[in-house]
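Asker: predicted model, plus sequence, below.
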Number of protein chains: 2
Amino acid sequence: MDIVVITSLSGIVAILFTVYLVWNITGKEKGTSGMIKIHDAIKEGAKAFLRRQYKTISIFIIAITAVLGIVFGLLTAISFATGAVLSALASYLGMAIAIHSNIRTAQSARKGLNEALTTAYYGGAAIGMLLTGLGLLSVGLLYHASEGQPSRIVAIVFGASLTALFGRIGGGVYAKAADIGADLVGKLEISIPEDDPCNPAVIADQVGDNVGDVAGTGSDVYQSYVSALVSAMIIGLLSPKGYTGLFYPVAVLAIGLVSSILATFIIRLRANSARSAINRVMYFSAALASVSSGIAAWIIFNNFTVFYAVLAGILTVILWASITEHFTSVSRPPVRMIAKSAQTGSATNILAGFSIGLESTVFPTLTLCGAIFAAFYLSGLYGVAMVTIGFLSVTATLISMSSYGPIVDNANGILKMSGINFKSANVTEELDAVGNTNKAICKGYAVGTSVLAQIAMFLVYVNQIHITSLNIINPQVMIGLLIGSMISFVFSSLIIRAVGKAAFLMIREVRRQFDEIPRLREKKAKPDYAYCVDISTKKALKGLLAPSLISIIVPLAVGFLLGGEAYAGFILGNLASVLLLALVFTNSGTAWDNAKKLIESEFVQRGGPTHAAAVIGDTVGDSFKDAVGPSLDILINIIGGIGLLFASWFVAYVIFI
Amino acid sequence: MDIVVITSLSGIVAILFTVYLVWNITGKEKGTSGMIKIHDAIKEGAKAFLRRQYKTISIFIIAITAVLGIVFGLLTAISFATGAVLSALASYLGMAIAIHSNIRTAQSARKGLNEALTTAYYGGAAIGMLLTGLGLLSVGLLYHASEGQPSRIVAIVFGASLTALFGRIGGGVYAKAADIGADLVGKLEISIPEDDPCNPAVIADQVGDNVGDVAGTGSDVYQSYVSALVSAMIIGLLSPKGYTGLFYPVAVLAIGLVSSILATFIIRLRANSARSAINRVMYFSAALASVSSGIAAWIIFNNFTVFYAVLAGILTVILWASITEHFTSVSRPPVRMIAKSAQTGSATNILAGFSIGLESTVFPTLTLCGAIFAAFYLSGLYGVAMVTIGFLSVTATLISMSSYGPIVDNANGILKMSGINFKSANVTEELDAVGNTNKAICKGYAVGTSVLAQIAMFLVYVNQIHITSLNIINPQVMIGLLIGSMISFVFSSLIIRAVGKAAFLMIREVRRQFDEIPRLREKKAKPDYAYCVDISTKKALKGLLAPSLISIIVPLAVGFLLGGEAYAGFILGNLASVLLLALVFTNSGTAWDNAKKLIESEFVQRGGPTHAAAVIGDTVGDSFKDAVGPSLDILINIIGGIGLLFASWFVAYVIFI
């Protein structure tokens, strides 16, 4: 079977399945007019923001496309534009699906847990299948245009990751400014519960869930998916296996996509709890993908050697998921420790959560090292690339799980804000708790895919600059390494700063409204939602500029000033620092969040000093886990994409020898 | 002139100068009996802790000395023991000098600013000269015993850094538990000022300043000093310059030590402020060291090429000091921004400080890269090692400045606790503010010396395993790199955890005493200081075990399991992560501290929510800047020391090929 056939087939199947799911969801009831009003406000806010965001971005994208077309020719320009446009499209459509699903989930919750779970998961799955399908389809068609030379289409990586970066940072700053503003003033100063309609920032907060968690995650995973696929194809072609080496990774991803589609159906089956229902989907799709990849390996290579590398990748996903659960679940010691430390105030709570975040880097790093080590000894560099492919084979399921999170979160918000009865809100509360763990698992997964994609790209890169060893007597390599590590720190700093500044304005505005709007505190007046939406929008668009610029300028500067070997050091330094920092940020953030939930449910009543300390930890964690951590994942692939695109230039046009 | 002569001469001059300074200080008045009582309490507490700490450590040291003696022979065992014992001795004597100086400084403050400044700086200088003198003397004598083969005495690096690590972590946990306990309950819950004698943790806090800031910093700088010196000597001997290449770095350090001694005298001269008086000492000793090193280069090599590398090192010190000042001084935008963000609470304050810490990595990294780059193109690898030597040439002055900090801090505490009149406390308050900036500059300096020492050791290491390039097709190198980066994160996590746990107990105990001791709140009863001292002591000794063990076990595991090349990757990954993390921790910590000071002096009154937010930021920062950051500096050199010691073993006995 031909690569174009297999990618087109599986891509089209996935898109058709998305259409089926969307048709299924939009056929469901929308609920009361109060619910529809809130739903419409969220929809308007989210669409307005994305439109403004993509308008801002499009100037960059068009300019870069033009430059690449002139310098590298048409196919490169097309590849770059395809990556950029599909990344934006995927996130826009994903968000639209999420918004259509949330109100139906809210309405389903009034009928029962199982009904709501299915609706929400279908919404998530529609997004998961769409993104993965678009990824496979676009790479397949571009590969066809490249006439069998995947190295000619590497610009898709740069295009996809650059757009994803804009979306991630913009969405992250938007969401977290609103979230922090709503939480800090609402919970601590006015003592109203989450999602209370009298909170001026509450609509901005709901919009943020969509533009951050759905749109942001969508384009993020899309970009690491195409990065890894293109790199694996190039490595396959370079391997002694030749065309079959190129064909197998594509086949595994197609198999994985179909497995994820099939796994969607078992969400219908009864399970003990929402958590176990969703875990079963994950295990089922992983098992199905494993078995089918094994069969495919036997058919293609007549042995299992390469399959073991794929299996190592799939097992790594499962291990990472359990590690993330250990460090972030309310029922495990780390979160309990953080909750306990809140008894002596914010300072000890911050220290405890941060130390958990730092500690949580150990096992993922060791697991990753183990998988790389095993794969290399089984089938060399090709094996290392195939670990990445194994890891990515279950992408569709993981995005489905991840997108389920904001859908139930919003459903919960819609029910609460429209004053619907207690019982159905309880259903969405339960689903929301599951959604939080899902989101945490998928954040870890996104870190893993990006890092593995980058390892694959690194292997391609060193091949393109024709080196097999790094000259460590050459100080440029060490300088590249140091700058590569350092850029992750500055990048994180800029995003935290942007969130902090936006949150500062938001807090002041929410305080102002509570002070100046008469009777708002008694919930007898309506706040000015639009002004809060406006603050988030403006600050988000402003905040994404600096980090985006340095993620392009610094790599080019290192490459052209210090040369190709220094750039290899730069990639390595960046790889290590992003892996660790992203894990620290995402895991500590989720752990603080769940420590707060634990305190709210068990330890003490809301409003006391322990709860206040936990809310502060949660707020710090919000920007860590939803704005900084996920953006780092993308930075790494932009650096990889630039490396692949300019490899030969860095060798030829280096300024200092 | 012979190396033994030059090191012995300058070492003995430095020690004699120390004796002179101590004689000068102890000749001064001790003040009132109230002051002497507090002074005695601090002295007892500090000595008791150090005795217990070194008793715990000595078992390790004796065991390791025995093993090294059996495996590597007598000279290695002696080198290791020399490093370990001198590191402990230096920190013990340093602390004793500091404690004798603080009461005299307090008494001098009653006579005026200039008198107090001179007394405090003499105390600091006595410590600085002693440590540096012992460093030069010990390396010189061991070099003599090695019969001109400095590579035979590398175990001194391991001995010095291991003892320093124990001291740093133990002292850091001790000091910060007490500091956090005293501040959080005292300032936020009871609303009493710092150093109020009715605070149960106040004596433990003062003891902590000595065992943490003086004893800890002393052994820290001693270890990076000897690490860098030994590595530079080896690189010198390997360079085409041969013996002169070995002689020159020793000469520069001897010159630097004498320059620092001479610079001590200009503290007597009038200056506008304490800050400028101390800055002038730093600039003067840097200028003197530069000129003399230039002359020495001309005499030895008949040209200035190598001298330029030394100069690059000295300039790096000055640049790093100004960068640190920018990010941590109360009069600059970063600290003002943090203080402003406290207006919307702890969460935004934490985010702002952390983002400043992350940002503060940029310029030091670029400066370092620039110096390495320039030095390499001037005189190759030898030039890179000589940057390190240039950086270290002003060590004595920098330790003097650093040790001045806790002396004035304690003097301030003694005056306040013994109820001495307002005016002299104002003098020590002013000196204390200068001391804080000094401490911050020297923390950055300690990071720099350790990283540069590690770069020098890395160059020796790759020479010992006979490679000039790293095979990046070999995945062990990447695995080594990832684990090397990761170990810094876990190590930091363990220390933060230890501080957090100890602080948790301390806060509960201080709260208990205020609740249970009748009339303590009205300052009419005496708290139980001893119980707080006991909590700090026990938790500090417990807290140092886990991080110390992983700092030995993980490097050995990487070396023996994955081999010499992987260990080179391990060093590189660790180097980058330690440089960045240590800068984040030390700078964000100081910035929070000074933001709190700014708020206390300008923005708002104590006790309000903005002040509370600032105190929480300061508390988080305390463990960052005084426990974690400085310990990372030492971790890096332990890894280097183990590498130098076991290099040939890692190549010969690797388990996986």
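Answerer: That came in fine, so what should we check first?

Asker: which stretches of the stretch 451-600 of chain A form strands?
Answerer: Under the criterion DSSP state E, counting those that start in this stretch, the stretch 451-600 of chain A contains strands at A:469-471.

Asker: just give the closest residue to the residue of it at minimum distance from chain B, not the sequence neighbours.
Answerer: Residue nearest to chain B within the stretch 451-600 of chain A: A:Ser493 (3.5 Å; Cβ to the nearest Cβ). In this view, the C-beta of every residue, glycine as well, is placed from N, C-alpha and C. Nearest non-adjacent residue to A:Ser493, counting by Cβ to Cβ, 6 or more residues apart in numbering or on different chains: B:Leu358, 3.5 Å away.

Asker: which residues does the one you found contact?
Answerer: Shown in contact with B:Leu358 (Cβ atoms under 8 Å, 6 or more residues apart in numbering or on different chains): A:Phe489, A:Val490, A:Ser492, A:Ser493, A:Ile496, B:Val584, B:Ser588.

Asker: surely the residue of the stretch 451-600 of chain A closest to chain B touches B:Leu351?
Answerer: No - checked against Cβ atoms under 8 Å, the pair A:Ser493 and B:Leu351 is beyond contact range at 10.3 Å.

Asker: of those two, who's got more company?
Answerer: Set A:Ser493 next to B:Leu351 and count neighbours by other Cβ atoms under 10 Å in any protein chain shown: B:Leu351 wins out with 28 against 23.

Asker: tally of neighbours for the residue nearest to the more buried one when sequence neighbours are not counted?
Answerer: In space, and not counting its chain neighbours, B:Leu351 is closest to A:Gly500: 4.1 Å by Cβ to Cβ, 6+ apart. Here the number of neighbours of A:Gly500 (other Cβ under 10 Å) works out to 29.

Asker: ok, the lowest-mean-pLDDT helix or strand in chain A: who's next to it in the sheet?
Answerer: Using mean pLDDT, DSSP states H and E, strand A:469-471 stands out as the lowest-scoring helix or strand of chain A, at a mean of 80. Applying DSSP bridges, strand A:469-471 is found paired with strand B:469-471 (antiparallel).

Asker: that older thread, how near is the residue of the stretch 451-600 of chain A closest to chain B to A:Val499?
Answerer: 11 Å (Cβ to Cβ, to the nearest Å).

Asker: kindly report the same for A:Val510.
Answerer: Taking Cβ to Cβ, one finds A:Val510 at 16 Å from A:Val499.

Asker: ok, A:Leu644 next?
Answerer: A:Leu644 is 31 Å from A:Val499, by Cβ to Cβ.

Asker: these two: which has the busier surroundings?
Answerer: A:Val499 (31 against 21).

Asker: now that one, nearest residue through space, not along the chain?
Answerer: That would be A:Ser623: by Cβ to Cβ, 6+ apart, it lies 4.1 Å from A:Val499.

Asker: that neighbour touches A:Ala175, doesn't it?
Answerer: No - with contact defined as Cβ under 8 Å, A:Ser623 does not count as touching A:Ala175 (9.5 Å).

Asker: who has more neighbours out of those two?
Answerer: A:Ser623 (34 against 30).

Asker: for whichever strand or helix holds that one, the averaged confidence score.
Answerer: Per DSSP states H and E: A:Ser623 is located in helix A:609-623. Averaging pLDDT along helix A:609-623 gives 89.

Asker: same deal with stretch A:111-123?
Answerer: 88.

Asker: with stretch A:306-318 instead?
Answerer: Here the average pLDDT along stretch A:306-318 is 93.

Asker: how about stretch A:533-550: buried residues?
Answerer: Neighbour-count burial for stretch A:533-550 flags A:533, A:535-537, A:539-541, A:543-548, A:550 (criterion: 16 or more other Cβ atoms under 10 Å in any protein chain shown).

Asker: oh, that last question was meant for stretch A:109-116, not what I typed.
Answerer: For stretch A:109-116, by 16+ other Cβ under 10 Å, it's A:Ala109, A:Arg110, A:Leu113, A:Asn114, A:Glu115, A:Ala116.

Asker: for stretch A:300-309, same thing?
Answerer: A:Ile300, A:Phe301, A:Val306, A:Phe307, A:Tyr308, A:Ala309.

Asker: need the residues that contact that stretch.
Answerer: A:241, A:244, A:247-248, A:251, A:293-294, A:296-298, A:374-375, A:378-379, A:382-384, A:386-387, A:390.

Asker: are any of those buried, and which?
Answerer: A:241, A:247-248, A:251, A:293-294, A:296-297, A:374-375, A:378-379, A:382-384, A:386-387, A:390.

Asker: pull the contacting residues for A:Ile42.
Answerer: Taking Cβ under 8 Å, 6+ apart as the test, what A:Ile42 contacts is A:Ile99, A:Asn102, A:Ile203, A:Gln206, A:Val207, A:Asn210, A:Asn410, A:Ile414.

Asker: which bits of the stretch 101-250 of chain A sit near chain B?
Answerer: A:Ile180, A:Leu184, A:Leu188 (Cβ under 8 Å from any Cβ of the partner chain).

Asker: any stretches of the stretch 251-400 of chain A with poor pLDDT?
Answerer: Along the stretch 251-400 of chain A, the parts satisfying pLDDT under 70 run over A:268-272.

Asker: all helices for it, in order.
Answerer: Counting by DSSP state H, counting those that start in this stretch, the stretch 251-400 of chain A has helices at residues A:274-301, A:305-328, A:333-341, A:346-359, A:362-393, A:395-417.

Asker: what's the closest of those to A:Phe158?
Answerer: helix A:362-393 (18.2 Å; Cβ to Cβ).

Asker: chain center to that closest one: distance?
Answerer: 21 Å (Cα atoms, centre = their mean, to the nearest Å).

Asker: which of the buried residues of stretch A:300-309 lies closest to A:Gly94?
Answerer: A:Ala309 (30.4 Å).

Asker: how near is that closest one to A:Ala396?
Answerer: A:Ala309 is 21 Å from A:Ala396, by Cβ to Cβ.

Asker: repeat for A:Ser8
Answerer: Taken as Cβ to Cβ, the span from A:Ser8 to A:Ala396 is 17 Å.

Asker: what about the two, which has more around it?
Answerer: A:Ala396 (34 against 17).

Asker: who are the contact partners of that one?
Answerer: Neighbours of A:Ala396 in contact, by Cβ under 8 Å, 6+ apart: A:Ala14, A:Ala125, A:Gly128, A:Met129, A:Leu131, A:Thr132, A:Gly256, A:Leu257, A:Ser260, A:Ile261, A:Ser285.

Asker: tally up the residues packed near the residue nearest to the first one when sequence neighbours are not counted, please.
Answerer: Read that as A:Ala14. Nearest non-adjacent residue to A:Ala14, counting by Cβ to Cβ, 6+ apart: A:Gly133, 2.9 Å away. A:Gly133 has 24 neighbours, counted by other Cβ under 10 Å.

Asker: I figured A:Gly133 hits A:Ser10, correct?
Answerer: Yes - judged on Cβ under 8 Å, A:Gly133 makes contact with A:Ser10 at a distance of 7.3 Å.

Asker: need the residues touching each of those two.
Answerer: With Cβ under 8 Å, 6+ apart, A:Gly133 and A:Ser10 have common neighbours A:Leu257.

Asker: so which residues on the stretch 501-650 of chain A come close to chain B?
Answerer: So the stretch 501-650 of chain A meets chain B at A:503-504, A:507-508, A:568, A:572-573, A:575-577, A:579-580, A:584, A:616, A:619-620, A:623 (Cβ under 8 Å from any Cβ).

Asker: now these: which count as buried?
Answerer: A:503-504, A:507, A:568, A:572-573, A:575-577, A:579-580, A:584, A:616, A:619-620, A:623.

Asker: look through the stretch 1-150 of chain A and state the residue closest to chain B.
Answerer: Proximity of the stretch 1-150 of chain A to chain B (Cβ to the nearest Cβ) peaks at A:Pro150, 20.5 Å away.

Asker: understood, closing this out.
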